[in-house]
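Novice: When you get a sec, could you give me coordinates for this:
(4 chains, ligands or ions: 2)
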Amino acid sequence: MRFMPQTDADIAAMLRAIGVERIDDLIAHVPAKLRERAAIALPAGLAESEVAREIAALAAKNPGANGFVSFLGGGYYRHYVPAAVRAIISRAEFATSYTPYQAEASQGTTQAIFEFQTLITQLTGLEVANASMYDGASATAEAVLMAHRISPKRSRVALSRALWPDYRATVRTYLSALEEIELVELPFDPKTGTTDLLSLERVADQRLLAVVLGYPNGFGVIEPLGRAAEIAHGAGALTVSATAEGIALGLLKPPGELGVDIAVGEGQSFGLALEFGGPGVGFMAARAAHVRQMPGRLVGQTRDREGNRAFCLTLATREQHIRRERATSNICTNHSLCALAATVFLSLMGRRGLRELAERNVELAHQALARLEAAGLKARFTAPFFNEFVVTIPDAQNVARRAEQKMLLAGIPLAPDYPDLSDTLLVSVTEMNSSSDIERLCQVLGRDT
Amino acid sequence: MRFMPQTDADIAAMLRAIGVERIDDLIAHVPAKLRERAAIALPAGLAESEVAREIAALAAKNPGANGFVSFLGGGYYRHYVPAAVRAIISRAEFATSYTPYQAEASQGTTQAIFEFQTLITQLTGLEVANASMYDGASATAEAVLMAHRISPKRSRVALSRALWPDYRATVRTYLSALEEIELVELPFDPKTGTTDLLSLERVADQRLLAVVLGYPNGFGVIEPLGRAAEIAHGAGALTVSATAEGIALGLLKPPGELGVDIAVGEGQSFGLALEFGGPGVGFMAARAAHVRQMPGRLVGQTRDREGNRAFCLTLATREQHIRRERATSNICTNHSLCALAATVFLSLMGRRGLRELAERNVELAHQALARLEAAGLKARFTAPFFNEFVVTIPDAQNVARRAEQKMLLAGIPLAPDYPDLSDTLLVSVTEMNSSSDIERLCQVLGRDT
Amino acid sequence: MAGAKNIKMPASDEKHTQPTTPAPRARVPLIFELSSEGRRGVDLPAREAGAKSGAEILGAELCRANLDGFPELSEPQVMRHFLRLSQLNFCQATQFYPLGSCTMKYNPALNDEAAGLEGFAALHPATPPRLAQGALELMARMESALAEITGMDAVSLHPAAGAQGELTGLLMTRAYHRKRGEPRHKVIIPDTAHGTNPASCTLAGFEVKVARSNKRGFIEAAEIRRMLDGDVAALMVTNPNTLGNFEPEIQEIADALHQRGALLYLDGANLNALMGVAKPGHMGADIVQLNLHKTFSTPHGGGGPGAGPVAVKRHLEPFLPNPRLKKTASGWEFDSNRPDSIGRLRAYHGNFEMIVRAYAYILALGGEGLAEVSRLAILNANYVRKRLEARYPSASAEPSMHECVLTHDLEERAGVSTFEIAKRMLDFGIHPPTIYFPLVVHGALMIEPTETESKEVLDNFVAVMEAIYEEALSEPETVKNAPNTLALRRVDEAEAARHPILRWTAPGR
Amino acid sequence: MAGAKNIKMPASDEKHTQPTTPAPRARVPLIFELSSEGRRGVDLPAREAGAKSGAEILGAELCRANLDGFPELSEPQVMRHFLRLSQLNFCQATQFYPLGSCTMKYNPALNDEAAGLEGFAALHPATPPRLAQGALELMARMESALAEITGMDAVSLHPAAGAQGELTGLLMTRAYHRKRGEPRHKVIIPDTAHGTNPASCTLAGFEVKVARSNKRGFIEAAEIRRMLDGDVAALMVTNPNTLGNFEPEIQEIADALHQRGALLYLDGANLNALMGVAKPGHMGADIVQLNLHKTFSTPHGGGGPGAGPVAVKRHLEPFLPNPRLKKTASGWEFDSNRPDSIGRLRAYHGNFEMIVRAYAYILALGGEGLAEVSRLAILNANYVRKRLEARYPSASAEPSMHECVLTHDLEERAGVSTFEIAKRMLDFGIHPPTIYFPLVVHGALMIEPTETESKEVLDNFVAVMEAIYEEALSEPETVKNAPNTLALRRVDEAEAARHPILRWTAPGR
Ligand SMILES: Cc1ncc(COP(=O)(O)O)c(C=O)c1O
Ligand SMILES: Cc1ncc(COP(=O)(O)O)c(C=O)c1O
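Specialist: Ligands and ions are numbered 1, 2, ... in the order given. Sure thing, here's the model as predicted:
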């Protein structure tokens, strides 16, 4: 078999060395009742060429990936991925190694993580960042758990309803086991699309553990993060910001500067392919004072015996393999290769490039909205937005479906998640959309209204 | 600009160090008349995303590459390329190094070439092989020139007319400068499709330098190479075999065993993509006695100062950079990375795999012919063939064109190159063709006749 | 390089060994140190003239000043930087990497290409399912393949990794008991368990009860029965256990649990031992999580991404995370309308890219091929164990499955620790096994060769291990100072923890 | 490693240098030595039952016994073998590689992906042009871009490499004169010429006449005029010449040639100096070949494949190789019906894959970007030359273009040769320049940094060169014994030539 190098002669020699006659003898101790039923009823193995053909046929059955003009966003964003990112993450040395337990044999991975951690602190304006989380949603949940470890006596978490539905659901699931914690949802202002800070004020008392806001939020809207943090801090609570569109951090004030204590987010925009939604890469940054409550791996700088700079996993006493049931998290395998992709992407973009990209996204999204308005549609919210916005459009779900016939993925109908936003479409515009794409969107949606 | 790292400050510092004010000062000595007109009237540079889109649009305008069932061969063959081949040849260490002039820093390249040379000697049954040539056609031409160096007093080259037209044309071009050499074409037997050996006998005298036969030939037919070599040797001439379908050597008697002196061929079947016909990779093997007349680079085994096995370029005194106008060839850059691909491919196939693949090709091609015959078509030739054969089909060119409408590339009409084979199609069947492909071929061609 | 002169490599038979000398390499500056103002690694398409800039549109109060300290490099520099970094790593593709419990097997080259196909790579997760039927069908086929392999009834591909799979399973356990109207609060875990198991229990709100393994390293049905009370929600166990041994009483234990209304959670990270040998479902498992990055060959990526599907018996199906695949008349759909579901643990539909790779792997091997995988993984582990027996005895007398846990007396005889032995292996170009795990074994070396390694590689490994043993006795300093031949000498991990430096800061700031 | 203790690396400023220590690595067995009977690296799809085997169909007399000695390995082994081999190479992507005359510039990552697109990779060369219009259009656009860049009238993408481009051009020269009814037999070549030039002349049936360059290293119009007679078919010259200097009398020389009915063949391998600076067409060139693997950034592949298009003036167009692109009403076609064509030099349509890459490069840079390439290449070369001037003076007092040729007095002062200096560079992780070329320069070091290298890399190179110079004086043995830090010590090339071993043979055969 092509993946297994043992020849018949090898097997015979090995069995001889072990002192048994058949491989079966090595598993004879497994209860016969189990062995007898263990055959796997799957078709015979295929040649590589056949596997390739089979998978290509499945890939071809996803017309949505190909030829459609798309304005889908909603937590996953269409950005150009430079070829250099793929060239680097496909290096066997990165792709086929594992968690850098042996520092001396893993300086490639550890240094890249150290660079990732640094980039995330620069983007978020905070002091420490970890080596990666699974995705933005689970990172948000972990941030809430971290806040709970920081303030174990507090019991209420205020979650903005303008956070992406998947993020809210994930926080809910992670918190479901902590019966002592109460989750309250903060409504959003139906006019502006920002989180209703008056209702935050109402819950901002000494029970309040943390408030969680999107930045931008699930409507693409830029939350008044600074004001929210002020309110939370006033009550001694922590502020968590969650960013699904990482490119926004190239332009917006960094969460740390606005008083945020834990900034988490999704790094998929930093050089990861869409891949039907996974893997993404969660990031998390916080104040240095809270580092020991952080979940996930951390790489630190140190020296080798001869004084050379070196990098290694550190502060592992927070982690499951040391701390077991008292660990800050159960995370073990994280999303290291995705963090590497992000590191390469951000290094390529650089200081100017990332900002320019962010500005371009803002520009195109606002252009698109202006043209849609000219075509008779209405923005649902008034607050400033980044590269995503909500338009009001009667019968949005059917409109979106009809647009598909014209090879257009016009946006995500919000109704399934927000019954109160039934006639709306969440439209995301990135640098991948040309003016003619926008024209097409306006024609199709404009005609339909 | 993204490929150039010089900042304005760098440029200023460098100019200062050089002692000039502007880059223009460095080229002031170039005649002004030239400089003034040197501007390049091409559009402004594009972002990577734009380049990607532009090239993808051109790639998409080649429907022949996609979705068609194909029976095209004619010197370039459709074989499955294992993904491991691509994974290896895309390694920067292989792809972005150059000719291994510095042995100590090129053991990867030199060892792989040594392995390639060995594999080619094993396939051809000869003693020495070079590091690669451009392609099968130019390797054939170089083989004739090599034969000429071996027997400088002889003046006639007999070329089988059953050799691929491109190969014959290439030999003709390479020989056009050598006015002393006469090229004669040996007819093929119109019944069997093999080279007419009686006409070889007629020219086999002391003027005969070499005879060149395809193996298999341009009709897919397996030439009586042993007999041809006997006749040539009888006259003191050399025999050159040219193989465009390298897979055949996994099954057929090796040319060296049949008396061939120089075996050349095209290695495209060994793991190279079709790429509209380039790059392929020429190979060349010969008897040890003739090594100093060989064109191209050679890698040899040696030792380093501490006695470790090492590899390096050797016998360079044959080459242009040492021998200049008396070199055995002008070849410098050859097709090293393609030779590496072939080395990986052949290593993966291995002893059994390559033979099995060859057998499978024979089997499928014969199956296809049998079914075509059942559908009323006729094989044009009677001699044994490998994976390619000629069928007689009235109005072949129009038939082929009509087949395209049915997403079928039925074969190559031979008429443009062989007016005497006007009603024929050269059909190549490989492991890439399923039974249902063959069925489709029979349906379409059968219906048309 | 000091110490380099001490190195004696074991004599090795040229024909039968992979090369063993490791690859010392250079240090590489940080990307920030290569930066220079004004460089760029990407260009954006030209802007339409006259449009307002993003900062103008949003207004200065929303915008940051700049990205201080962010690197500025050209594309060739970025490429060279990361390629050089890559050269500092050991990896499975180039080295023997018998990291126990991690199943570092060969990652087929095709699978990376499969995952990168346009039809997957460019597929947005919010694409309406009717335009993504290929992806949904692939997921559905993968679910049923995993169900067949494990002998379970239903599978969710949702979790991002093994540990998230564990959390998923434990939250389902919780939900299951609540739904039955008897919330339970404790989970039993053997003392040999992987660290993620207790951590996941805590995260799922359970109290961990540690079951002592017996002298043979096994958990006994008697012990479990003793610990079982109406508050025990489940037993969470790895089988083969972390000693690499098959738990002989697993079925009896399952019965005991089920009798008391508790569930058996089987940590399936060690499934590489079980395919075609014994199905978790038949052992009585109610829940299993699988690590696609282990048994199913998706690359480990320097620490992920992986994927941790969960498989369950029918009675737990309603609790599986959202969304579920559902077959409708018009094709595959996602269904989130499932009142008993524990909800979601991440955005969208799972680590789809890993699922594509793992599915390609399953297609390549087929049912019999997967069984052969486990058989050869078991053969390899037992061969290594036997060959090393004299110097590194097995921590357990029981038969090994796909990995073996060895120990040694070098600490006592020569003052040489397992840690130092591991570092010395680096000099021979071998990635060390997992060490000091399971915790119950003194100075453990947990060796998992996997089935994709040849006998020659194992023989070379044995020769290296023997050489290190002798060396530890004859010249212990060479071992204690290792690594001696890499770009770096021993890295000071204690210092890193004492004075954490967790990011680069511009000099002078 | 003996000698390793001698190594002193030059002090380097952490912020501003790329790492310089080279990467010693292990030796790797030959693939044949890793083989074992019965292994396989590929599986074929299952055969239909009952069919005759290929050997049965053809009969034993046509078939070989077996493939003796052919390797047998599994896929993981093949992968590991070649990955380990790769680790033994220096390459442009990871190292400074200033190999003069070879233009080792950065190869953009996108271009590899572009060339691998299904629409190209799966396009059979016999595909009817109507089904391959994208490929033909790309070729047509490439032809006109190269014509614009060089100031020539017509381009053929046919030749596989620079040397084949030379042969093509010279055969056209031959055909041109014959067509005019005056066959000519001599080609003038300067003594500084690249080896392929004289070799190509011979191959094209010309007698080589060597023109002496003057004291400044230039060919003089006067000298050419002196040599010109009615039998001179052409002058073949590189500009900038192999000293990296622009030939000042090139136009005058062209005029002299044309007056006598001879042609000017310009070897365009050095075009990286000329874009936006001076066009070969304006210099009076009748024929130029271009090396896409140099100026246009297609990767060098360890020695190819490259591509060597030829560009000509209108009067030579009829002689260009077959086939030519032709625009028809129904789109692009190939035209081979051209009676004056020299014919073809290879099968099918050129090294298309390289053409795709080079076209992507041209699109990325545009006209102004290409001009900037040459300007910065010139800046880099002059900077290195100036910085090294004190120890390694330029072989010529003339201004350098994109490369500089240096020399030194270490042979006399310390008995240290250029060859040894080059080997010592390897210890610092730098690929040496081209050495001993051009032949007219004593102990030449021909340095072509290219535009894609940063000032920091050049500064580090200068520091290394200075250090080697001092070291050659203070401890010459370190230099003479180099390399000292690589996996191998100095390789014995003389031995290889004395006792050629050109293939592996099974032990005992
Ligand atoms: C036995 C065992 N269980 C659980 C895990 C956790 O899996 P993951 O790292 O994918 O979260 C691992 C792997 O690290 C393991 O070895
Ligand atoms: C000046 C010069 N001319 C011609 C050539 C030959 O080009 P190629 O190696 O592509 O055949 C080279 C490169 O090696 C060169 O440097």
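
Novice: C-alpha only now, for contacts and for neighbours.
Specialist: Noted.

Novice: SS state for A:Tyr167?
Specialist: Put simply, A:Tyr167 is helix when judged by DSSP: H, G, I helix; E, B strand; the rest coil.

Novice: Could you do A:Ala263 as well?
Specialist: Quick answer, by three-state DSSP: A:Ala263 is strand.

Novice: I figured it was touching A:Ala286, is that so?
Specialist: Yes. In this structure A:Ala263 lies within contact range of A:Ala286 using C-alpha atoms under 8 Å: 6.3 Å.

Novice: Next SSE downstream of the stretch of helix or strand C:Leu110 belongs to?
Specialist: Assigned by DSSP states H and E, C:Leu110 belongs to helix C:109-115. Once the chain leaves helix C:109-115, the next helix or strand it forms, by DSSP H and E, is helix C:118-121.

Novice: mind exporting that next one as CSV, just the C-alpha atoms?
Specialist: Taking C-alpha atoms only, helix C:118-121 is exported to CSV below (Å, rounded to 0.1, in the frame of the first residue of the first chain):
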residue,chain,number,x,y,z
GLU,C,118,-11.2,26.3,-6.0
GLY,C,119,-14.6,24.7,-5.3
PHE,C,120,-13.7,24.5,-1.7
ALA,C,121,-11.1,27.2,-1.1
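
Novice: which helices and strands sit right next to it?
Specialist: Counting by 3 or more C-alpha pairs under 8 Å, 6 or more residues apart in numbering or on different chains; DSSP states H and E, the packing neighbours recorded for helix C:118-121 are helix A:48-60.

Novice: In the helix it packs on, which residues are buried?
Specialist: A:48-52, A:55-56, A:58-60 (16 or more other C-alpha atoms under 10 Å in any protein chain shown).

Novice: Identify, by residue count, the longest helix of the chain.
Specialist: Looking at chain A here, since you left the chain open. helix A:336-374 (DSSP state H).

Novice: other chain: chain C
Specialist: helix C:352-388.

Novice: how many neighbours does A:Ile438 have?
Specialist: Residues lying near A:Ile438 (other C-alpha atoms under 10 Å in any protein chain shown) number 23.

Novice: Quick check: it vs ligand 1, distance?
Specialist: 42 Å (C-alpha to the nearest ligand atom, to the nearest Å).

Novice: Phi and psi next, for the closest residue to A:Val69 other than its chain neighbours.
Specialist: Sequence neighbours aside, A:Leu408 is the residue nearest to A:Val69 in space, at 4.9 Å (criterion: C-alpha to C-alpha, 6 or more residues apart in numbering or on different chains). When read as degrees, to the nearest 10, the backbone of A:Leu408 gives phi -130, psi 130.

Novice: residue contacts, the one residue in the stretch 251-400 of chain C that gets nearest to chain D?
Specialist: At 9.5 Å from chain D, C:Ala364 is the closest residue in the stretch 251-400 of chain C, using C-alpha to the nearest C-alpha. When contacts are counted by C-alpha atoms under 8 Å, 6 or more residues apart in numbering or on different chains, C:Ala364 touches A:45-48, A:51.

Novice: Kindly reformat those as CSV containing distance to A:Asp205 and pLDDT.
Specialist: Below are the contacts of C:Ala364 laid out as CSV (distance: C-alpha to C-alpha, whole Å; pLDDT from 0 to 100):
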residue, distance to A:Asp205, pLDDT
A:Gly45, 62, 97
A:Leu46, 63, 97
A:Ala47, 64, 97
A:Glu48, 62, 98
A:Val51, 59, 98
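
Novice: So C:Ala311, which state does it fall into?
Specialist: From three-state DSSP, the assignment for C:Ala311 is strand.

Novice: that older thread, enumerate every residue touching the residue nearest to A:Val69.
Specialist: Per C-alpha under 8 Å, 6+ apart, neighbours of A:Leu408: A:68-70, A:441.

Novice: if we can go back for a sec, determine if any part of the longest helix of chain A is in contact with chain C.
Specialist: Yes. In terms of C-alpha under 8 Å from any C-alpha of the partner chain, part of helix A:336-374 sits within range of chain C, namely A:336-338, A:344, A:347-353, A:356-363.

Novice: tally of neighbours for C:Asp409?
Specialist: Neighbour count for C:Asp409, taken as other C-alpha under 10 Å: 17.

Novice: distance between the ends of stretch A:192-199?
Specialist: 15 Å (C-alpha to C-alpha, to the nearest Å).

Novice: Please tell me how far C:Gly367 sits from chain B.
Specialist: To chain B, C:Gly367 is 22 Å away according to C-alpha to the nearest C-alpha, to the nearest Å.

Novice: again, but for A:Ala248
Specialist: For A:Ala248, the distance to chain B - C-alpha to the nearest C-alpha - is 20 Å.

Novice: Now do the contacts for the spatially closest residue to C:Pro280 that is not a sequence neighbour.
Specialist: Using C-alpha to C-alpha, 6+ apart and skipping residues adjacent in sequence, the residue nearest C:Pro280 is C:Thr150, 5.5 Å away. Shown in contact with C:Thr150 (C-alpha under 8 Å, 6+ apart): C:275, C:279-281, C:311.

Novice: hmm, 10 Å instead?
Specialist: Applying C-alpha atoms under 10 Å, 6 or more residues apart in numbering or on different chains to C:Thr150 gives the contacts A:38, A:40, C:144, C:268, C:271, C:274-276, C:278-283, C:285, C:288-290, C:311-312.

Novice: Restricted to strands, list these.
Specialist: The strands, defined by DSSP state E, take in C:288-289, C:311-312 from those.

Novice: Which two among these are spaced furthest apart?
Specialist: C:Gln289 and C:Val312 (8.7 Å; C-alpha to C-alpha).

Novice: quick one: which of these two has more around it?
Specialist: C:Gln289 (31 against 28).

Novice: Who are the contact partners of the closest residue to the more buried one other than its chain neighbours?
Specialist: Using C-alpha to C-alpha, 6+ apart and skipping the chain neighbours, the partner closest in space to C:Gln289 is C:Val310 (4.2 Å). Contact partners of C:Val310, counting by C-alpha under 10 Å, 6+ apart, are C:143, C:146-147, C:152, C:154-159, C:162, C:164-169, C:267-268, C:287-291, C:320-321.

Novice: Give me the distance between C:Val310 and C:Lys52.
Specialist: For C:Val310 relative to C:Lys52 (C-alpha to C-alpha), the value is 50 Å.

Novice: same check, this time on A:Ser336
Specialist: 38 Å.

Novice: who has more neighbours, these two?
Specialist: Shown here are A:Ser336 and C:Lys52; by other C-alpha under 10 Å, A:Ser336 has more neighbours (31 against 17).

Novice: Can you list the strands that whatever helix or strand comes next after the longest helix of chain A pairs with?
Specialist: Per DSSP H and E, helix A:336-374 leads on to strand A:378-379 as the next helix or strand towards the C-terminus. Its sheet considered, strand A:378-379 pairs with strand A:388-392 (antiparallel) by DSSP bridges.

Novice: So what's the model's average confidence on the partner strand?
Specialist: Mean pLDDT, strand A:388-392: 97.

Novice: Find the nearest non-adjacent residue to the closest residue to chain B within the stretch 201-350 of chain A, please.
Specialist: Of all residues in the stretch 201-350 of chain A, the one sitting closest to chain B is A:Leu348 (8.9 Å; C-alpha to the nearest C-alpha). Once flanking residues are discounted, A:Leu348 sits nearest to C:Gly41: 4.3 Å by C-alpha to C-alpha, 6+ apart.

Novice: The one you found sits in which helix or strand?
Specialist: Going by DSSP H and E, C:Gly41 is not in any helix or strand.
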